[in-house]
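[1] Any chance you can model this:
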Amino acid sequence: MTHDLSFPSRPKRISSQYISYGGKGLVFSEYGPYWRNMKKLCTVELLIALKVDMFSPMRSELLAEFVSCLQKTASSHEVIDISYTVGDVIENLTYKMIFGRSKDDRFDVKNLVREVLIQCNKKHDQET
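    Purely as a prediction, here's the structure:
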C-alpha cells in the first residue's frame, strides 16, 4: 500500500489495450475511481486468506510434481531448462485455477497471448 500511487498509471501500450479490453484490468487501468474499485474488489474478494488457502492443495500437488520432475532429471544426469519448467508449472496452476482443469490443446492461452503481443508490436511498428 505504500507505493500504490507509484504503480497504477503506466504508459499506454497497444498490446495492453487488446489484452485488457481497453485498459479495463487492474494492471493496465489508469489511476482513478475505476482502479480504486478494482483494487478494492481484489483485496476484499479475491486475495483474502480464505480464497488463497482454497488453492493450497492444488499448489502443493503441482509443487510435488515439479520436485519429482527435477529429481528424475537429476538422477538421469540430464539438463533441464528451469525457466521453462517453472513457467510450465505456473501455466498449469493458472489453468487449474481459472478453468478448473489442467491445460490442454484446446486452450493454449500462453501462445495466444504471445501471438497477440507479436501482432500488436507489428501493428505499432507499421504505424510509427
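[2] Which residues does stretch 75-87 contact?
    By C-beta atoms under 8 Å, 6 or more residues apart in numbering, the residues outside stretch 75-87 that reach it are F66, C69, L70, T73, A74. Just so you know, the C-beta spots here come from the backbone N, C-alpha and C atoms, and that holds for glycine as well.
[3] I'd like the distance between the first one and V116.
    Pointing back at F66 there. Look at F66 and V116: by C-beta to C-beta, to the nearest Å, they are 28 Å apart.
[4] ok, the two, which is more surrounded?
    More neighbours surround F66 than the other of F66 and V116, with 16 against 13 (other C-beta atoms under 10 Å).
[5] wait, doesn't that one sit right on V89?
    Yes. Under the criterion of C-beta atoms under 8 Å, F66 makes contact with V89 at 4.9 Å.
[6] Skipping its backbone neighbours, what lies nearest Q17 in space?
    G23 (5.9 Å; C-beta to C-beta, 6 or more residues apart in numbering).
[7] go on, A74?
    I80 (8.0 Å).
[8] show me the contacts for L26.
    Per C-beta under 8 Å, 6+ apart, neighbours of L26: W35, M38, K39, C42.
[9] repeat that with 10 Å
    By C-beta atoms under 10 Å, 6 or more residues apart in numbering, the contact set of L26 is P8, S20, Y34, W35, N37, M38, K39, L41, C42, L46.
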